[in-house]
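Quick one: sequence plus predicted model below, questions after.
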Amino acid sequence: METLMHYSPDRLWQIQQKGFDQTFLGKTESIMVLGNGYMASRSSEEESYVGEVRDTFVAGTFNAFDENEVTELPNVPDMLGMSFLFNNRNLSLVQGQVSDYTKTLNLKTGELVRQFVWQLEDIHVKLTFRRFISKARRHFFASQVTIENLSQQDIKARIRSGINGQLSNEGSQHFTDGEKGLMDGRFIQMMPKTTQSHIQFVQTVEHMFLDAKLAEHRPETARRGFFMNYRFDVQAGKSCKIEKRGSIYTSIDNDLEDHDTATMRRVAVEELKQIESNSFDDLLQESAQEWEKIWNKHPIRIESSDYRDQLAIRFAQYHLHVMTPAHDQRMNIGAKGLSGEGYKGHTFWDTEIFMLPYFNFTHPEIAKSLVTYRYLGLEGARKKAASNGYEGAQYPWEAAWPTDGEVTPVWGAADIVTGQATKIWSGFIEQHITSDVAFGVKQYLDVTGDDQFAREKGYEILIDTAKFWASRLEYNPEKEVYEINDIIGPDEYKEHVNNNSYTNYTAHWNMAYVLTLIEDLKINQADVYAKLDATFKLADLVETLTEKSQKMFLPQPTEESILPQDDSYLSKAVIHLRKYKESDGVDSLFHDYNLDQVNEMQITKQADVLLLLLLFEGLFEKELKEKNFDYYEPKTTHDSSLSLSTHAILAADLGRLDQSYDFFKQASNIDMGEYMKSSDPGIHAASLGGIWQMVVFGYGGVRIVNGKLRIEPHLPKEWTSLDFGFDYQGQSVSVHVTQTSVTIDKSEGPVIEFINKEQTHKLINSVTINL
Ligand code: BGC
């Protein structure tokens, strides 16, 4: 496979593509996506190419194309595209001669720069494109192009640029054409509206010619588009700069009081006018300062024999902040962030298990917004439970607008054997999401100590999810136990199984924890107890939860200490997986088998039992973990990007640091690596959360176990030191780890207790422990 990605030890903030190849547009469109959590745009080239996926998304603006499709994040009319004619020849890198092509994302500042020299007949130009989406002004972006004429004669240049709504989500058009026009003679405005959710967009663009004398500027309206056509000369040996600035506002923006279209149009134009005299560099600097705040909050430094480890954590943090709608608690993180149409912008358990830990420990205010989203989702979760004949709150497998409830599509890719669309069962029977949400809330509370959230929202989520599980259990009169049958666990290659260990144990934890919680509230917080009692009739609930959790079937290890993934897994056929494990793509298994066949084999898509052993580490002995690791990992294809980081952390816990580091490398390469097709539908959000977890949980050894903080670092031999920090219950902690010791410091404030190698330590100011 062609390698275009380029990294360098002296550019530890840079992701770079060297050389242009039209076949691999999707890679850098995704991994260099720009954004600020409010909106994001794939880093497509300015000029168009066949095969590009030119997406811009505004978080939360879901729309359903028709009654047969589920709601998805619509691809907003494009504002960054531009087409160029030089001496009447279309600028296109698939013709003429292209040299010194680089496309570079600066993770530190959030700036994308693309440069190349293009020669065709009498045209010889160097083009430099710069752009950013402002982290300081959530609606605003700017781009700039510099055209240098390297030839001996003047070049006649033409530019067509504006707003282009002739785009869709793989053919589904989510917008009405809407009103469009020029404001004050120079601000292009388009007002598309989503067709079903009726969200009004106001998109505004202006062009600024800093040093070119325009021979023509002509507006052009099109169907679903509005453009300006500019004509000018670039003199021999000279250059000129053009800026394109713009903004997006929508009628669901929570920073606007008045969502009237005329008002939004005025606000947008006023904002652009107000910053008219600020240069591109000033505005970039203002945005970079906001990024700087993120980088300065608990910076992570890795001294490694491979500089890419440091780059990987920066890459992960950059994307986590580009994709997270921290500004609005009605929104959450999509499985592909805001970087592609994959998974339709929907939120999965990926948030609670993979991304939330980063925010819990580094940006608790963002974590709060993410868990509040689940509180707002209670209404939809209650509806889902009721429609399935259950009580309490059953969270949707895929979520969009919090009150929408279940939005998982029902039909997926064609079956290789039958040629018919495969039914996606997850929305019906992948039910562990409900205990994952509860687990996420508990982790948030343990890390932040946010009692107010607990009282006002968190306890309600925990209790209502436990109530769901109690009603979901099925009594098996022969065995006299409660079971959970006909389910999909984290391993989506096993459908309709009974008693998936991950699901049973996490559901059991949910119920058992709520029993202790209710007991505690009754004794210590009578007012909170009384309020919850009015809704949940707690005494009755305690009775039900006690009976059911006591009689619940929790799969037990075999004589060989293997915890069965479900009732039937261990009796299924075993096949060699090397071929599939070594292939670059993730669907090679399905070139040979269909899902029904895979269902009958001991093939696991992603960490399932092993994730349980990691999340509930206090429940299992080290020896059992080792045996299960050796049993399940060889049967795991890691076809989901949620798999490798779990394996890396668990291996580190087990002291298998070489193996762990190997998983760390594979996991960090899912998006950043050289394989050019991995990120086409978008980056892998959970895997990026996983990168932070591998560093801080895996090698930094930080964990919350049974509600207590544990710090037990162990570095791979390739690392000489690791520095990181985190917030813990309102205090700031910083950690310096070497191969032989760990030093932990904290800010002024109450003593923090933590566990290291089964000993409780008191952190007053600073502690050093030999490893
Ligand atoms: C994984 C799920 C995950 C989803 C979204 C699937 O391939 O199996 O665990 O939630 O992708 O990332």
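Perfect, thanks for sending it. Residues are numbered from 1 along each chain as shown.

Who are the contact partners of Asn510?
If a contact means C-beta atoms under 8 Å, 6 or more residues apart in numbering, then Asn510 has 434-435, 438-439, 462, 465-466, 469 as its contacts. Every C-beta, even on glycine, is put in place using the N, C-alpha and C of the backbone.

Pretty sure Ala667 sits against Thr646.
No - applying C-beta atoms under 8 Å, one finds Ala667 not in contact with Thr646, separated by 9.3 Å.

Spell out which residues are contacts of both of the two.
By the contact definition C-beta under 8 Å, 6+ apart, Ala667 and Thr646 are jointly contacted by Gly690.

Do a quick rundown of the strands in the stretch 401-550 of the chain.
Assigned strands in the stretch 401-550 of the chain, in chain order: 411-414, 421-423, 474-476, 481-483 (criterion: DSSP state E, counting those that start in this stretch).

Quick one: these as JSON lines, columns for distance to Pro716 and mean neighbour count too.
As requested, the strands of the stretch 401-550 of the chain are exported to JSON lines (distance: least, C-beta to C-beta, whole Å; neighbours: other C-beta atoms under 10 Å):
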{"stretch": "strand 411-414", "distance to Pro716": "37", "mean neighbour count": "12"}
{"stretch": "strand 421-423", "distance to Pro716": "40", "mean neighbour count": "14"}
{"stretch": "strand 474-476", "distance to Pro716": "45", "mean neighbour count": "13"}
{"stretch": "strand 481-483", "distance to Pro716": "41", "mean neighbour count": "19"}
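
Just send those strands back as TSV, with mean pLDDT and distance to the ligand too.
Compiled in TSV, these are given as follows (pLDDT from 0 to 100; distance: least, C-beta to the nearest ligand atom, whole Å):
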stretch	mean pLDDT	distance to the ligand
strand 411-414	86	11
strand 421-423	88	13
strand 474-476	98	24
strand 481-483	98	23
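
Phe616 is nearest to which of these?
Among the strands of the stretch 401-550 of the chain, strand 481-483 comes nearest to Phe616, with 18.9 Å by C-beta to C-beta.

ok, residues contacting the closest one?
Outside strand 481-483, the residues within contact range by C-beta under 8 Å, 6+ apart are 473-476, 498-499, 504, 548, 551-553.

quick one: which of the residues you listed has the most company?
Ranked by neighbour count under the definition other C-beta atoms under 10 Å, these are headed by Asn504 with 26 neighbours.

Can you convert the contacts of strand 481-483 into TSV and add a column each for distance to Met228?
Rendered in TSV, the data for the contacts of strand 481-483 read as follows (distance: C-beta to C-beta, whole Å):
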residue	distance to Met228
Leu473	64
Glu474	65
Tyr475	70
Asn476	70
Asn498	63
Asn499	64
Asn504	62
Lys548	67
Lys551	71
Met552	66
Phe553	68
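
Leu613: which of the residues you listed is nearest?
Asn504 (13.9 Å).

What residues does the closest one make contact with?
Counting by C-beta under 8 Å, 6+ apart, Asn504 touches 483-484, 552-555.

Return the member of the contacts of strand 481-483 nearest to Phe359.
Proximity of these to Phe359 was ranked by C-beta to C-beta; the top entry is Asn504 with 28.3 Å.

which residues of the stretch 1-150 of the chain score low on pLDDT?
For the stretch 1-150 of the chain, residues meeting the criterion pLDDT under 70 lie at 1-2.

Can you show me the helices along it?
When assigned using DSSP state H, counting those that start in this stretch, the helices of the stretch 1-150 of the chain occupy the ranges 25-31.

Then the stretch 351-500 of the chain?
With DSSP H, counting those that start in this stretch applied, the stretch 351-500 of the chain shows helices at 356-362, 364-376, 378-387, 426-429, 433-448, 451-453, 459-472, listed in chain order.

Using CSV, please lay out those together with mean pLDDT, mean neighbour count and distance to the ligand.
Below are the helices of the stretch 351-500 of the chain laid out as CSV (pLDDT from 0 to 100; neighbours: other C-beta atoms under 10 Å; distance: least, C-beta to the nearest ligand atom, whole Å):
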stretch, mean pLDDT, mean neighbour count, distance to the ligand
helix 356-362, 98, 26, 14
helix 364-376, 98, 21, 15
helix 378-387, 96, 19, 17
helix 426-429, 96, 18, 8
helix 433-448, 98, 24, 9
helix 451-453, 98, 14, 25
helix 459-472, 98, 25, 18
